[in-house]
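Enquirer: Predicted model and sequence follow; I will ask about them next.
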Amino acid sequence: MKGIKRLLWFLYQCFACYTLLIYTLILWVPSDGWVAGFMMMSFPAVVFVHLISIPIWFVVERKKAVLPLILFVAAGLFLSRTYGFNGSEKTPADSNARKFSVMSYNVHVFQKYGAWRGEGRQAEIREMKAWIGDSGADVLCLPEYYDEDDTVFDSGNYLRKRGYRDAAYYHRRKYGKSYWGLAILSKHPIIASRDTVFEAQNGMIQADIKIGRDTVRVIGLHLYSMTLGLSKLVRQKEMDGIEAESRITVRKMKNGFQQRAGEFRVLQEWIKNSPYPVLVCGDFNEVPYSYIYGQLRKSLKSSFEEKGQGFGFSFNHLPYFIRIDHQFYDGTRLSAEDFTTFSNIKYSDHYPIMGTYTFK
């Protein structure tokens, strides 16, 4: 029995070293490599292991429970990335402030790839568009936006009637009467824009939006999607199937880390060269402990960390408990007043998020 305890303690000490390495990577984000990406993504699971280890080691050998307790407490360094306590705090209203709101919502092509021809599904698509149109947001950032004239997917004309008169699209993604990809729509004038398409529907759009006497540069993005297909992995019952799906999942994740690292370098240049205060929003496909998230929060502020509440999970699909949709803003020239994750809006595989800002 003593030999088993010594072995378990040795293994736990090795795990503790791995934990310290993860904490170091998340704090200093020195590498955009896929190995570091895997390690940083494991942060929630690592913290959970330490949490359940505390009572186990307390029973087995009380003194040894100190180490998992310390490592669990140390995870508090990343609490602001994980959980928001700010939702109940409201910034005092300033009648002279020029306020605007931005909603990011991956609309999943308005459910076009489902059984959309039925009356029930078409009614749901119309409800989804109505909710977006009535959201009150001044600016919409819509990854996986879809527009098709003379159908239930006639999103552009519908939203234009709701006040979103200006829009910016990928200029290389229009197919006759239809469009598929990221879009930025605004109730305020878009005075300049540009775009870049990375792969498939993924890419970035930059829109300079005039709000009163001020201008904000909104960079909407949709970084490389991993399309992990975790539901296939969960449904596997044979070991061969589990192994095959696991290899596919790992390969997709590795490719995703590498692709997004390259895309992020383009984003950094766009931010660096902006003469206006910048607001970056959209579907990052990156969790809050990732390289890209850590690098962005060095120069910009996370709207969730400043004004969010709860866990703010933004993905309405397996594995559910992740936040991959974000908004970052220039904290020297903009102030965040509110940030909301609409976890009750379940039309898409993502939840909408909305931030409200004022010019300083």
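Expert: Received the coordinates, thanks.

Enquirer: drop to CA atoms for contacts and neighbour counts, all remaining ones
Expert: Noted.

Enquirer: Return the residues in contact with the most centrally placed residue in the chain.
Expert: Nearest residue to the geometric centre of the chain (Cα atoms, centre = their mean): Asp325, 1.9 Å. Applying Cα atoms under 8 Å, 6 or more residues apart in numbering to Asp325 gives the contacts 104, 281-286, 314-315, 353.

Enquirer: Quick check: chain neighbours aside, which residue is closest to it?
Expert: Among residues not flanking Asp325 along the chain, Asp283 sits closest, at 4.6 Å (Cα to Cα, 6 or more residues apart in numbering).

Enquirer: The one you found against Met226, yeah?
Expert: No: counting by Cα atoms under 8 Å, Asp283 does not reach Met226; the two are 11.8 Å apart.

Enquirer: Which one's more surrounded, these two?
Expert: Neighbour count, other Cα atoms under 10 Å: between Asp283 and Met226, Asp283 has more, with 28 against 18.

Enquirer: same for the longest helix belonging to the chain, what does it pack against?
Expert: Identified as the longest helix of the chain according to DSSP state H is helix 239-272. Using 3 or more Cα pairs under 8 Å, 6 or more residues apart in numbering; DSSP states H and E, the elements in contact with helix 239-272 are helix 34-41, helix 230-235.

Enquirer: Please parse the chain into its domains.
Expert: Annotated domains of the chain cover 2-82, 98-359 [automatic domain parsing].

Enquirer: Can you give the distance from the longest one to the centre of its chain?
Expert: Going by Cα atoms, centre = their mean, to the nearest Å, the spacing between the C-alpha centre of domain 98-359 and its chain's C-alpha centre is 8 Å.

Enquirer: next one: the first one
Expert: Domain 2-82 has its C-alpha centroid displaced from the chain centroid by 25 Å (Cα atoms, centre = their mean).

Enquirer: Please state the backbone phi and psi of Ala278?
Expert: That one is not Ala; residue 278 is Val. Backbone torsions for Val278, taken as degrees, to the nearest 10, come to phi -100, psi 140.

Enquirer: For the closest residue in space to it that isn't next to it in sequence, give its distance to Thr24.
Expert: Leaving aside its sequence neighbours, Val278 sits nearest to Arg217 (Cα to Cα, 6+ apart; 4.9 Å). Applying Cα to Cα, to the nearest Å, the value for Arg217 to Thr24 is 33 Å.

Enquirer: Same check on Asn344?
Expert: Distance of Asn344 to Thr24, computed by Cα to Cα: 36 Å.

Enquirer: Of these two, give the one with the bigger neighbour count.
Expert: Thr24 (13 against 8).

Enquirer: before we move on, which element is the more buried one in?
Expert: Secondary structure from DSSP states H and E places Thr24 in helix 2-28.

Enquirer: Remind me what that helix packs against, helices and strands.
Expert: Using 3+ Cα pairs under 8 Å, 6+ apart, helix 2-28 sits against helix 34-41, helix 66-74, helix 291-299.

Enquirer: Relative to the whole chain's centre, how far out is stretch 70-84?
Expert: 19 Å.

Enquirer: Between the two ends of that stretch, what distance do you get?
Expert: End to end - Cα to Cα - stretch 70-84 spans 22 Å.

Enquirer: Could I get the contacting residues of the residue nearest to Asp325?
Expert: By Cα under 8 Å, 6+ apart, the neighbours of Asp283 are 104-106, 143, 221-223, 324-326.

Enquirer: For Phe48, see how far away it is.
Expert: To Phe48, Asp283 is 26 Å away according to Cα to Cα.

Enquirer: what stretches of the stretch 151-300 of the chain score poorly on pLDDT?
Expert: Within the stretch 151-300 of the chain, the stretches with pLDDT under 70 are 172-175, 200, 227-242, 245.

Enquirer: Report the secondary structure state of Ile209.
Expert: Assigned with DSSP: H, G, I helix; E, B strand; the rest coil, Ile209 falls in the strand class.

Enquirer: looking at it, it is touching Ile190, isn't it?
Expert: Yes: judged on Cα under 8 Å, Ile209 makes contact with Ile190 at a distance of 4.5 Å.

Enquirer: From Leu142, how far out is Ile205?
Expert: Ile205 is 11 Å from Leu142, by Cα to Cα.

Enquirer: Which neighbours do those two have in common?
Expert: With Cα under 8 Å, 6+ apart as the test, Ile205 and Leu142 both reach 182-184.

Enquirer: can you tell me which residues contact Lys63?
Expert: Applying Cα under 8 Å, 6+ apart, the residues contacting Lys63 are Trp57.

Enquirer: That one looks like it's in a strand, true?
Expert: No: counting by three-state DSSP, Lys63 is not part of a strand but helix.

Enquirer: And the pLDDT at it?
Expert: Lys63 carries a pLDDT value of 93.

Enquirer: and it, how far is that from Ile52?
Expert: Distance of Lys63 to Ile52, computed by Cα to Cα: 16 Å.

Enquirer: Using PDB, write out the CA atom coordinates for stretch 211-219.
Expert: Listed next in PDB are the C-alpha coordinates belonging to stretch 211-219 (Å, rounded to 0.1, in the frame of the first residue of the first chain):
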ATOM      1  CA  ILE A 211     -20.500  58.000 -34.800                       C
ATOM      2  CA  GLY A 212     -21.200  61.700 -34.300                       C
ATOM      3  CA  ARG A 213     -17.900  63.600 -34.400                       C
ATOM      4  CA  ASP A 214     -15.900  60.500 -33.600                       C
ATOM      5  CA  THR A 215     -14.800  57.400 -35.600                       C
ATOM      6  CA  VAL A 216     -14.200  53.900 -34.400                       C
ATOM      7  CA  ARG A 217     -12.500  51.200 -36.300                       C
ATOM      8  CA  VAL A 218     -14.400  47.900 -35.900                       C
ATOM      9  CA  ILE A 219     -12.500  44.800 -36.900                       C
END
